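> my questions concern the predicted model and sequence given below.
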Number of protein chains: 2
Amino acid sequence: MNIALRQHIEKITSLTDAEFEYVESMFTRKRLRKHQFLIQEDSEVLNDYWVVSGLLKAYHTDDDGKIHILQFAMEDWWISDYQALNNHTPATIAIDCIEDCELLVLSRDNKEKLCNELHSISDFFRKKSSAGYVALQQRILLLLNKNPQERYNRLFKLQPILVQRLPKTLLASYLGVSRETLSRLNHP
Amino acid sequence: MNIALRQHIEKITSLTDAEFEYVESMFTRKRLRKHQFLIQEDSEVLNDYWVVSGLLKAYHTDDDGKIHILQFAMEDWWISDYQALNNHTPATIAIDCIEDCELLVLSRDNKEKLCNELHSISDFFRKKSSAGYVALQQRILLLLNKNPQERYNRLFKLQPILVQRLPKTLLASYLGVSRETLSRLNHP
């Protein structure tokens, strides 16, 4: 039994042993090496992913080939291209591994099946989606704040472990500053 | 009976007449004039809101007093400060009316009650939250795109009616350009 997954779900809703066994049976496992892609732009997106271990980035590549980071994901976080997953459209972002990753894979069909069959799981994903919405709102407020030191402080306050694990180049990119500017900022 | 609300919910999930009557009984009505606040920064947030008519903006004011628009909401959209609503924390954004507004108000307690009692309503809010997440992802990709004409084109493609209804000053602010730059862009 995946204790971490059960603890993760039971932070929000409780499940009987039989329910959890059923929920767990809907997932498959996936391992990826550092630099491998989980989702490539324009590809079909069929799954939601829960991170068992590792670190990933979701990003968009502009016409000049520059990457813009949308979000990171590490242990206990869910990640996918939800626009593509919800609307059955091709991926508009790419997701790849910053570290070796182990993931639990929940297909769109199995997610819908679980949500239809178990009120508690529908409720779990409702609350996770709402939390994800809030995380993106934070991301937007971070982007809109014009002061790089403030952006750095705010990110560190929200996600201290993430900041420590991120390569400096990616941290600079997420904050929207150059590597040189980042090195001149005070560590929060 | 509020036919528009029923149609809005039934785009996602179906309800019996008795269920809809019960759902509707959980809402109250609120009318606001243009320029009035729905939520002020640092205030307590107790409700989610569904827009019957009108247009609102959610925004953050930075230390220099400059406003940064997070999102707009018009007929059929939900709006609140979800960070404050979910986490019982003070509002970090303000929401005010661009036009006279009529809203249906669903308190946090009534929303939870409905989601606990009706699987279909839990499912409805799960799907709405996920759609809201995707809308914010679009907003981020819009912000990250450095080309103002591209940002304008993308917004118009996603929300043509919104673009036509917005005062030009707010449209410029949302796109992150000056009023002068906006007037030089080609209408998509």
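That came in fine, so what should we check first?

> please name the nearest non-neighbouring residue to residue A:129.
Leaving aside its sequence neighbours, residue A:129 sits nearest to residue B:129 (C-beta to C-beta, 6 or more residues apart in numbering or on different chains; 3.6 Å). No exception for glycine: its C-beta is placed from N, CA and C like everyone else's.

> oops, could you answer that again for residue A:152 instead?
residue A:185 (5.2 Å).

> quick one, what contacts the one you found?
Neighbouring residues of residue A:185 by C-beta atoms under 8 Å, 6 or more residues apart in numbering or on different chains: A:148, A:149, A:152, A:177.

> buried ones among those residues?
Using 16 or more other C-beta atoms under 10 Å in any protein chain shown as the burial test, those include A:148, A:152, A:177 as buried.

> which SS state does the residue nearest to the first one when sequence neighbours are not counted fall under?
Put plainly, it is residue A:148. In space, and not counting its chain neighbours, residue A:148 is closest to residue A:177: 4.7 Å by C-beta to C-beta, 6+ apart. Three-state assignment for residue A:177 (DSSP: H, G, I helix; E, B strand; the rest coil): coil.

> what does residue A:109 give?
helix.

> and it, how many residues sit next to it?
11 (other C-beta atoms under 10 Å in any protein chain shown).

> next: residue A:41.
16.

> tell me who's in contact with it.
A:60, A:61, A:90, A:91, A:92, A:93, A:94.

> ok, the fifth one to chain B distance?
For residue A:92, the distance to chain B (C-beta to the nearest C-beta, to the nearest Å) stands at 7 Å.

> surely that residue is in a helix?
No. According to three-state DSSP, residue A:92 belongs to no helix; its state is coil.

> for it, give me the pLDDT.
pLDDT, residue A:92: 92.

> isn't it up against residue A:83?
Yes. Using C-beta atoms under 8 Å, residue A:92 makes contact with residue A:83 at a distance of 6.1 Å.

> the more surrounded of these two?
residue A:83 (21 against 17).

> doesn't the more buried one fall inside a strand?
No. Membership of residue A:83 in a strand is not supported by three-state DSSP, which gives helix.

> ok, and the closest non-adjacent residue to it?
Nearest non-adjacent residue to residue A:83, counting by C-beta to C-beta, 6+ apart: residue B:134, 4.4 Å away.

> the one you found sits in which helix or strand?
Using DSSP states H and E, residue B:134 sits within helix B:119-144.

> what do you get for residue A:30?
strand A:27-32.

> toward the C-terminus, what is the element adjacent to that strand?
Per DSSP H and E, the first helix or strand lying C-terminal to strand A:27-32 is strand A:37-39.

> how distant is that next one from the center of its chain?
12 Å (C-alpha atoms, centre = their mean, to the nearest Å).

> helices or strands up against it?
strand A:94-97 (3 or more C-beta pairs under 8 Å, 6 or more residues apart in numbering or on different chains; DSSP states H and E).

> does the strand it packs on come close to chain B?
No. Using C-beta under 8 Å from any C-beta of the partner chain, strand A:94-97 stays clear of chain B, coming no nearer than 12.4 Å.

> direction included, what does that strand pair against?
Strand pairing for strand A:94-97, using DSSP bridges, gives strand A:37-39 (antiparallel), strand A:55-61 (antiparallel).

> between those, which gets the lowest average pLDDT?
Across these, strand A:55-61 gives the lowest mean pLDDT, at a mean of 94.

> can you redo the strands paired with strand A:94-97 as a markdown table with distance to residue B:74?
Below are the strands paired with strand A:94-97 laid out as a markdown table (distance: least, C-beta to C-beta, whole Å):
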| stretch | distance to residue B:74 |
| --- | --- |
| strand A:37-39 | 32 |
| strand A:55-61 | 26 |
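
> put together CSV for those, with mean neighbour count on each row.
As requested, these are exported to CSV (neighbours: other C-beta atoms under 10 Å in any protein chain shown):
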stretch, mean neighbour count
strand A:37-39, 20
strand A:55-61, 20
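
> check what pLDDT the spatially closest residue to residue A:80 that is not a sequence neighbour gets.
Using C-beta to C-beta, 6+ apart and skipping the chain neighbours, the partner closest in space to residue A:80 is residue A:48 (4.7 Å). We have a pLDDT of 98 for residue A:48.

> which element is residue A:48 on?
Per DSSP H and E: strand A:47-53 holds residue A:48.

> what angle sits between that strand and strand A:55-61?
Taking axes from the mean of the first three to the mean of the last three C-alpha atoms, to 10 degrees, one finds that strand A:47-53 is oriented at 140 degrees with respect to strand A:55-61.

> so what touches strand A:47-53?
A:2, A:4-5, A:8, A:27, A:29-30, A:38, A:73-80, A:82, A:85, A:100-108, A:111.

> out of the residues you listed, which end up buried?
Using 16+ other C-beta under 10 Å as the burial test, these include A:5, A:8, A:27, A:38, A:73-74, A:77-80, A:82, A:85, A:101, A:103-106, A:111 as buried.

> strands - which of those land there?
Here DSSP state E is the test, and the buried ones among the contacts of strand A:47-53 give A:27, A:38, A:73, A:74, A:78, A:79, A:101, A:103, A:104, A:105, A:106 as lying in strands.
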